[in-house]
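> sharing a sequence plus its predicted fold:
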Amino acid sequence: MSPTRRLLLTCGNAVRVRLIVLAIAGLILITSVALAQVSVITQRYDNSRAGQNVNETYLTPANVKSGTFEKLFAQPVDGYIVGHPLYLPGISIPGAGTHNVVYVATMHDSVYAFDADNNAGGNATPLWQVSFTNPAAGITSVPIKDQACPAVTSFTEIGVVPTMVIDPAAGTIYVLAKTEESGAFVHRLHALDVTTGEERPGSPVQIKATFTHGDDHGTFVDKYQMARPGLVLANGTLYVTFGTLGCRYAQNASGWVVAYDPTSLTQLGAFATNPNQGYGAGIWQGGVAPAADSAGNLYFNTADGPYGDDDVHFGDTLLKLALGAGLNWVDYFTPYNQQFLNQYDLDLGSGGVVLLPDQSGPYPHLMAAVGKQGTIYLVSRDNLGKFNPNGDTQIVQELTFVVGEVDGAPAYWNNTLFVSSEGSVIKAFSLANGQLSTLPIYQSSLVFNMPAGMSVSSNGTSNGIVWAINGIQSKLYAYNASNLVQTYNSSQVTPRDTLGVVPHFSTPIVANGKVYIGGTAQLVVYGLIPHITSTAGNLQTATVGTVLPTALQIKAADAYQGAPISGLAVSFSDNQAGGSFGTPVAITDQNGFASTTYTLPTKAMKVTITAGAPGYSSATLTETATAGTPASVVTKSGFNQTASVNSPLPNPVCAVVKDQYANKVPGVVVNFSDGGAGGILSPSAVTTDSTGSACTNYTTPSTPGTVFITASVSAVGSTAKFKETVTQ
């Protein structure tokens, strides 16, 4: 790859060449390539953290199934992708044209920009890649052996942990990286150009923060902090949040929120959830970023730690923060049993907060939160309620123990809250008039032992799909969001669709008809496969052994834009029905069309023809081979009967008409005659039914003896003969 095709940028670069085109406002505007599709610029699509993409027009419960939906490709990376991928459509990459771009960052302190639609040709390697390490200068990601709590996360190193965030107007992607530099631990906030990966002016800045409230004082200590939640861009402010490393012996570890001006990266404020109290009250939320409302208020849960009514220590608490004179809390809610939660490691902060759409009733502005205890808290954002030691009666609603441990956040779509929890099925709770249903309205059949992230895609209020990952199995699942009936999972066709190992809480993200998932060594992309459809020759009927009057024609096309695919070898098969093709393998032309003739088998039957190619959904055509012209008439039943004179034979006399291949011919008139013996045939002329049979009743003549009944068909030389006996 040429240097203009792949830009390998490191933090050791001394000179950054800025492109004049950065001043052009249309730099990252959505082009016609991605018209009406969504950008994914922040964790779980938007600052509500509802996890819903309601602008998905390609994927539906009907086509997300094995045969039309599968793993499309994977891109290797140099470490765990812990934060979820981000996506921008129609990005002009210098020297490489316009691309839909997916961005991921790794625990090895790298950021990648990949073509989001394929890994073919020049797209086999990154559009650009940035590394924040420089081993020659002693700058590396943090080896897990040098980090406290190595057994908690199962990580092998610490680098870029949180989901990045993009400012599309500025064309900037913000990244928080942790490095070890000659034994010292350092967090740096980077602002990168989305088209090249180059650092913006003033970038990066090192995270340094202090917080004082009365006699309590906190100082940010890099070694004991992990920026697990995603970055937040709200109301013109950039926020980074930190939890602890997950074990109680990591001292001086608190939850932190640090605010920055996104243009200058000037620090605007800092807030600690547990200053001067050692360990506790970290912000991790299964990696989910704090939610933010339109006014820029932040909402998040904290993990285990001390709580007090001193307005400064907030273990197991739902906090509302605002940026004013510095950064401080506006309101909070702490469950009445916080001490119990803290004692038994039942973090409220294992799950993130979801801001819900405005509701009717007395509490229009609601949010939902769930933690390890499996209790759903429905809280008014206008009055969180603080702490009530006698019970949580001050909040809007509390559903106790209705789910298992939640590590992440629920997803919301179409008046429904979906909750995936450990050791439980996915459960759907309806939301109406500011209240959740007390029981699930439906649920999945599969129990998730270690659920990862969850999201929903839909086209408005239709075609909703719940996407979920079972972490232990490392499988992707798709459910119809209207009933939680499974439509797809990645183990249905192995090894083709195998997801591979994913980190804790990996979240599937849907954009422009594709699903992006970060793994421990790769970015995995699922989507619709190109399709082959029938365009002519379907549903024909002709005589056995003859060529269908219309040739069979198919078209091969891309599943997304419908572009024709030329030069594709398409194989036709009648699934061993016995017919033959003029061209069993046809090559598509410049318009994606290919055709062949088909000679029907000699057996009358329905014929199912498939036209397919590897990696394509197949076309199915159904043809009907009907029997040929009558060639013979044979007896079927009713011969060798005995009856007395002037009496009906016990059973009808039945003949069968067949063509030259012994197919039974319907719709043919069969004439019956007793050769003038004097009996009565009722009727004497019968049309064969669908089985080629014709039957008539016979009343014997008045004279005893042997009677021969014949069945004949016009233009058929042979006849069927029935010998009957007439007694006195």
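Structure's in. What do you need? Just so we're clear, the structure is a prediction, and the values are computed from it rather than from any experiment. Residues are numbered from 1 along each chain as shown.
> in the longest helix seen in the chain, what counts as buried?
In the chain, taking DSSP state H as the definition, the longest helix is helix 338-343. Using 16 or more other Cβ atoms under 10 Å as the test for burial, helix 338-343 gives 338, 341-342. Just so you know, the C-beta spots here come from the backbone N, C-alpha and C atoms, and that holds for glycine as well.
> just stretch 610-620 next, same as before
So stretch 610-620, judged by 16+ other Cβ under 10 Å, has buried residues 611-613, 616-619.
> so which of the residues you listed is the closest to Thr334?
Ser617 (53.2 Å; Cβ to Cβ).
> surely that closest one and Pro530 touch.
Yes: between Ser617 and Pro530 a contact is recorded at 7.5 Å, counting by Cβ atoms under 8 Å.
> who touches both of these two?
Common contacts of Ser617 and Pro530, defined by Cβ atoms under 8 Å, 6 or more residues apart in numbering, comprise Ala559.
> which ones are touching the spatially most central residue of the chain?
In the chain, the centroid-proximal residue (Cα atoms, centre = their mean) is Trp467; its distance is 4.7 Å. Going by Cβ under 8 Å, 6+ apart, Trp467 touches 454-457, 476-478, 508, 510, 515.
> show me the one in the residues you listed that has more neighbours than the rest.
Among the contacts of Trp467, Ser457 has the most neighbours (other Cβ atoms under 10 Å), with 31 neighbours.
> checking that one next. Helix, strand or coil?
Under DSSP: H, G, I helix; E, B strand; the rest coil, the three-state class of Ser457 is strand.
> quick check: the gap between Leu60 and Gly464.
I think there's a mix-up here, since residue 60 is Thr and not Leu. 9 Å (Cβ to Cβ, to the nearest Å).
> to clarify, my last question referred to Gly628.
Relative to Gly464, and taking Cβ to Cβ, Gly628 is found at 52 Å.
> more neighbours: which of those two?
Gly464 (24 against 18).
> list the contacts of the closest residue to that one other than its chain neighbours.
Sequence neighbours aside, Ala481 is the residue nearest to Gly464 in space, at 3.0 Å (criterion: Cβ to Cβ, 6 or more residues apart in numbering). Counting by Cβ under 8 Å, 6+ apart, Ala481 makes contact with 61, 413-414, 416, 418, 456, 458, 464-466.
> how about these in JSON lines, adding pLDDT?
Converted to JSON lines, these look like this (pLDDT from 0 to 100):
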{"residue": "Pro61", "pLDDT": "98"}
{"residue": "Trp413", "pLDDT": "98"}
{"residue": "Asn414", "pLDDT": "97"}
{"residue": "Thr416", "pLDDT": "98"}
{"residue": "Phe418", "pLDDT": "98"}
{"residue": "Val456", "pLDDT": "98"}
{"residue": "Ser458", "pLDDT": "98"}
{"residue": "Gly464", "pLDDT": "98"}
{"residue": "Ile465", "pLDDT": "98"}
{"residue": "Val466", "pLDDT": "98"}
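> put the alpha carbons of stretch 650-669 into CSV.
C-alpha atoms of stretch 650-669 as CSV (Å, rounded to 0.1, in the frame of the first residue of the first chain):
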residue,chain,number,x,y,z
PRO,A,650,-70.1,-55.0,-6.9
ASN,A,651,-67.4,-52.4,-7.8
PRO,A,652,-66.9,-49.8,-10.5
VAL,A,653,-64.8,-50.6,-13.6
CYS,A,654,-61.8,-48.3,-13.6
ALA,A,655,-59.2,-47.7,-16.4
VAL,A,656,-56.0,-45.5,-16.3
VAL,A,657,-54.7,-43.5,-19.2
LYS,A,658,-50.9,-43.1,-19.5
ASP,A,659,-48.5,-41.2,-21.7
GLN,A,660,-45.4,-42.6,-23.4
TYR,A,661,-43.4,-42.3,-20.1
ALA,A,662,-46.1,-44.0,-18.1
ASN,A,663,-47.3,-40.8,-16.5
LYS,A,664,-51.0,-40.8,-15.8
VAL,A,665,-52.9,-38.4,-18.0
PRO,A,666,-55.8,-36.4,-16.6
GLY,A,667,-58.6,-34.7,-18.6
VAL,A,668,-58.9,-37.5,-21.2
VAL,A,669,-62.3,-38.9,-22.3
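> and Leu681, how many neighbours does it have?
17.
> pairing partners for the helix or strand that it is a member of, with directions?
Assigned by DSSP states H and E, Leu681 falls within strand 680-682. Sheet pairing for strand 680-682, assigned by DSSP bridges, gives strand 693-699 (antiparallel).
> now the closest residue to Val160 other than its chain neighbours: how far from His84?
The shortest distance from Val160 to any non-neighbouring residue, by Cβ to Cβ, 6+ apart, is to Ala105 (3.8 Å). Ala105 sits 10 Å away from His84, going by Cβ to Cβ.
> and Gly305, by the same measure?
If you go by Cβ to Cβ, the gap between Gly305 and His84 works out to 27 Å.
> cool, Gly667 as well?
Gly667 is 65 Å from His84, by Cβ to Cβ.
> the residue nearest to Val160 contacts Tyr112, doesn't it?
Yes: look at Ala105 against Tyr112 with Cβ under 8 Å: they come within range, at 7.5 Å.
> which residues touch Ala521?
With Cβ under 8 Å, 6+ apart, Ala521 has these contacts: 76-77, 79-80, 500-501.
> can I have the buried ones of those residues as a PyMOL selection?
In PyMOL syntax, the buried subset of the contacts of Ala521 is picked out as below (16+ other Cβ under 10 Å):
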select buried, resi 77+79+80
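> okay if I get the contacts of Ala521 as a markdown table plus distance to Asn538?
Conversion of the contacts of Ala521 to a markdown table gives the following (distance: Cβ to Cβ, whole Å):
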| residue | distance to Asn538 |
| --- | --- |
| Pro76 | 43 |
| Val77 | 45 |
| Gly79 | 51 |
| Tyr80 | 49 |
| Gly500 | 39 |
| Val501 | 44 |
